[in-house]
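Enquirer: sequence isn't available, so here's the structure alone:
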């Protein structure tokens, strides 16, 4: 039972990471507040998932002056595949 919960929780995080990446790519000039509202998550959760994307997937998200972010490197992900899953 414990393993199932871990796997389920991990899938939710991966989905959120992909939502964050798609959002950052689609709206690089959006403010942090706009991203948080659209994603429905807290600032801490957003930052945690950006760090996980960098550490686990090699995705580099650079922060902009407006407080948002832009994808600078896709790491192991294929941007065309992610875009097609909207």
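Expert: All right, it came through fine. A quick note: this is a predicted structure, and the numbers were derived from the prediction, not measured. Residues are numbered from 1 along each chain as shown.
Enquirer: just the helices from this structure, written as ranges.
Expert: 2-26, 32-39, 43-52, 79-84 (DSSP state H).
Enquirer: helices and strands of this protein: which one bottoms out on pLDDT?
Expert: Between all helices and strands in the chain, the lowest mean by mean pLDDT, DSSP states H and E belongs to helix 2-26, at a mean of 69.
Enquirer: put together TSV for the helices of the chain, with mean neighbour count and distance to residue 73 on each row.
Expert: No exception for glycine: its C-beta is placed from N, CA and C like everyone else's. Output for the helices of the chain, formatted as TSV (neighbours: other Cβ atoms under 10 Å; distance: least, Cβ to Cβ, whole Å):
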stretch	mean neighbour count	distance to residue 73
helix 2-26	14	11
helix 32-39	15	19
helix 43-52	15	13
helix 79-84	10	10
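Enquirer: can you say which of those is nearest to residue 65?
Expert: Residue 65 lies closest to helix 32-39 among these, at 11.0 Å (Cβ to Cβ).
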